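*Asks:* dropping a prediction and its sequence here:
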Number of protein chains: 2
Amino acid sequence: MTDLILTTFDWVPEVPRGYVRDIRVRWALEEAGLPYRVESVPFRDRDTAHFSRQPFGQVPWLTDGDISIFESGAILLHLGQRSEALIPTDPRSRSEVIEWLFAALNSVEMASLPWSIFIFSGDTEATPGRKSLDNFLESRLQHLESVLAEREWLAGAFSVADILMADVLRLVERFDGLAGQPACRDYIARATARPSFVKAYADQMAHFAAAD
Amino acid sequence: MTDLILTTFDWVPEVPRGYVRDIRVRWALEEAGLPYRVESVPFRDRDTAHFSRQPFGQVPWLTDGDISIFESGAILLHLGQRSEALIPTDPRSRSEVIEWLFAALNSVEMASLPWSIFIFSGDTEATPGRKSLDNFLESRLQHLESVLAEREWLAGAFSVADILMADVLRLVERFDGLAGQPACRDYIARATARPSFVKAYADQMAHFAAAD
C-alpha cells in the first residue's frame, strides 16, 4: 500500500478556516484509519504545477502512488475502495452510498454554495433571481429534512455520503440557513461529534494557524 | 444482464425540453449501445412512490434489476461499470475520468446552474452577490477554457466525463454565457455532433412532444 498524500493550501484567511475542502478528505482518512501525510501549496501564488494537479487552482488533491486525484467527491470515492468504513462492498449498499454522495454535491451543494456566496457578500436584495435561488435551496433542504427526520445516516451505516452531506450542511448552518430544518441540524451535530471529524477539524485549524 | 429502465417525466413545459437530465443517461446508454426502455412519471403530481425513488422529486432515475439509482452522476458512474466506451478499466484512466465527472458537476455546474437561474429570471441587477456569482462562473469557465484549448476530450478518449461536461456547458451556451470561451464552444459542437447525442436529444424531444 502506497503512502497517501493530501495536498492543501499553506495558509488561508480566517473566514474559510474550518471549511476548506481538505476537511472532507481528512475526515474520511481518519474515519477509515488510513495513514497519510499533508503537504502544502501556496495560497497566494498558484503556479502551473498547482494547475496541473487541480485545473481550477483549488485544493485539495490526493496522491496515491502514481495516481493524483482532484475533486473532493472523486477523492472520497477513491478512498472508499480502501475501506468498508467509507463505502460498503455489497453492490446495493454501495450504490445507495454513491447516489447520496452525488446528492450532497449536485442536489444540495449546488444550491447551498451559491446561496452562501450571496450571504457572504452581505447581499440582501430580494431580486427575482435571488428569490428563485432561495426557493431552490429551501426546496432541496425541505426534501432532505423529510429524509433525515426518519434516518440516522443517509444510506444505512455512516459513510462518505454523510461526510459530504454533513460538510455541505455545516456551511448552511454557519449562515443560519437551517432554522426550519431541525433534523438537518441534529444530523450535523451527530456527524460532527464523531472523533474523526473532531480530529480533522482540529488538524485543519492547526495547519493554517501554523502559517500565521 | 437485466433490463435497464430509465424513468423521466411524462411531460415538461417547452423551455426545459432538450435539457432535462434524462438526456445525460440516454446519451450514455446510446454511446455504450446498451438496450433500455423509458418509463414516465407525472410531472404535475409527484407522489410518494416518486419521492421513494428520487428524494428531491426530480428525474431521472435508473432501474437495473433490484437496484434503483438517482442522480445523473451516480447513474453514469454505474453505467460506466458496464462499458469501456463510458469509463475505461485501467485504474489510472478510470480515475482521471471520474475526477472530471465530478468536476463537471461540482466545479462547473455548481457555478453555472445558479447563474442560469438568474438569467432565466431575467434578473440583470448587478448586486454584490450577483457580481460574485458571475465572477465565480467566469473563473471556472476560464480555467476550463485553458484545458479544452489543448485537448479533444477531458480524459483521453471520449467518456462519461464529456457527456456531463458538455451537457453542463450546453445550458451556459444557450444563455450566451460562452462568448469568451471559443474552445468550450468547439468542445460542445464536437460532443453534440456524436450520433449518440443526436439520438438522445431527438428521443427526449419526441418523448415530451408525444404528451402534448
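*Replies:* All right, it came through fine.

*Asks:* same for the helix or strand hosting A:Glu145, what does it pack against?
*Replies:* Here A:Glu145 sits within helix A:128-148, counting by DSSP states H and E. Secondary-structure packing of helix A:128-148 (3 or more Cβ pairs under 8 Å, 6 or more residues apart in numbering or on different chains; DSSP states H and E): helix A:110-120, helix A:160-174, helix A:182-192, helix B:110-120, helix B:128-148. Bear in mind the C-beta positions are built from the backbone N, C-alpha and C, glycine included.

*Asks:* and those helices as CSV, adding mean pLDDT, distance to B:Gln58 and mean neighbour count?
*Replies:* Shown next, in CSV, are these (pLDDT from 0 to 100; distance: least, Cβ to Cβ, whole Å; neighbours: other Cβ atoms under 10 Å in any protein chain shown):
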stretch, mean pLDDT, distance to B:Gln58, mean neighbour count
helix A:110-120, 97, 12, 21
helix A:160-174, 98, 17, 23
helix A:182-192, 98, 19, 18
helix B:110-120, 97, 13, 21
helix B:128-148, 98, 22, 18
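
*Asks:* and A:Ser83, how many neighbours?
*Replies:* Per other Cβ atoms under 10 Å in any protein chain shown, the neighbour tally for A:Ser83 reads 16.

*Asks:* check which helix or strand covers it.
*Replies:* Going by DSSP H and E, A:Ser83 is not in any helix or strand.

*Asks:* so how far is chain B from the closest residue to it other than its chain neighbours?
*Replies:* In this structure, A:Ser83 finds its nearest non-sequential neighbour in A:Ala32, 3.6 Å apart by Cβ to Cβ, 6 or more residues apart in numbering or on different chains. Taking Cβ to the nearest Cβ, to the nearest Å as the measure, A:Ala32 falls 18 Å from chain B.

*Asks:* do the same with A:Thr48
*Replies:* Distance of A:Thr48 to chain B, computed by Cβ to the nearest Cβ: 10 Å.

*Asks:* quick revisit: chain center to the helix holding A:Glu145, what's the gap?
*Replies:* Chain-centre distance of helix A:128-148: 19 Å, with Cα atoms, centre = their mean, to the nearest Å.

*Asks:* off-centre distance for stretch A:109-118?
*Replies:* Worked out by Cα atoms, centre = their mean, stretch A:109-118 lies 13 Å from the chain centre.

*Asks:* how does chain A divide into domains?
*Replies:* A:4-85+A:196-209, A:91-193 (automatic domain parsing).

*Asks:* start and end of the longest one, how far apart?
*Replies:* Meaning domain A:91-193. Taking Cα to Cα, to the nearest Å, domain A:91-193 runs 29 Å from one end to the other.

*Asks:* list the buried ones in stretch A:68-88?
*Replies:* Of the residues in stretch A:68-88, A:68-80, A:82-83, A:85-88 count as buried by neighbour count, 16 or more other Cβ atoms under 10 Å in any protein chain shown.

*Asks:* got it, and stretch A:22-39?
*Replies:* Neighbour counts over stretch A:22-39 (16+ other Cβ under 10 Å) mark A:22-32, A:34, A:36, A:38 as buried.

*Asks:* cool, and stretch A:8-19?
*Replies:* For stretch A:8-19, burial by neighbour count (16+ other Cβ under 10 Å) applies to A:Thr8, A:Phe9, A:Trp11, A:Val12, A:Arg17, A:Gly18.

*Asks:* TSV for the helices and strands packed on helix A:128-148, including distance to B:Ser95?
*Replies:* TSV is the format used below for those (distance: least, Cβ to Cβ, whole Å):
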stretch	distance to B:Ser95
helix A:110-120	23
helix A:160-174	16
helix A:182-192	27
helix B:110-120	21
helix B:128-148	17
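
*Asks:* any stretches of chain A with poor pLDDT?
*Replies:* Low-confidence segments of chain A (pLDDT under 70): A:1-2.

*Asks:* 50 instead?
*Replies:* By pLDDT under 50, chain A has no low-scoring segment.

*Asks:* how about the host helix or strand of A:Ile23 as CSV, C-alpha atoms only?
*Replies:* Using DSSP H and E, A:Ile23 sits within helix A:22-32. Extracted C-alpha coordinates of helix A:22-32, given in CSV (Å, rounded to 0.1, in the frame of the first residue of the first chain):
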residue,chain,number,x,y,z
ASP,A,22,-9.4,19.3,2.6
ILE,A,23,-11.5,18.7,5.8
ARG,A,24,-13.6,16.2,3.8
VAL,A,25,-10.6,14.2,2.9
ARG,A,26,-9.0,14.4,6.4
TRP,A,27,-12.4,13.3,7.9
ALA,A,28,-12.6,10.3,5.5
LEU,A,29,-9.0,9.3,6.2
GLU,A,30,-9.5,9.5,9.9
GLU,A,31,-12.8,7.6,9.7
ALA,A,32,-11.0,4.8,7.8
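
*Asks:* against which helices or strands is the following helix or strand past that helix packed?
*Replies:* With elements assigned by DSSP H and E, the helix or strand that comes after helix A:22-32 is strand A:36-41. With contacts taken as 3+ Cβ pairs under 8 Å, 6+ apart, strand A:36-41 sits against strand A:4-9, helix A:195-209.

*Asks:* B:Ala210: which of these is closest?
*Replies:* For those, proximity to B:Ala210 was assessed by Cβ to Cβ; helix A:195-209 is nearest, at 49.6 Å.

*Asks:* list the buried residues for the closest one?
*Replies:* Neighbour-count burial for helix A:195-209, counted by 16+ other Cβ under 10 Å, picks out A:Ser196, A:Phe197, A:Ala200, A:Tyr201, A:Asp203, A:Gln204, A:His207, A:Phe208.

*Asks:* can you pull the contacts of the nearest residue to A:Tyr201 once chain neighbours are set aside?
*Replies:* Nearest non-adjacent residue to A:Tyr201, counting by Cβ to Cβ, 6+ apart: A:Gly18, 6.0 Å away. By Cβ atoms under 8 Å, 6 or more residues apart in numbering or on different chains, A:Gly18 lies in contact with A:Tyr201, A:Gln204, A:Met205.
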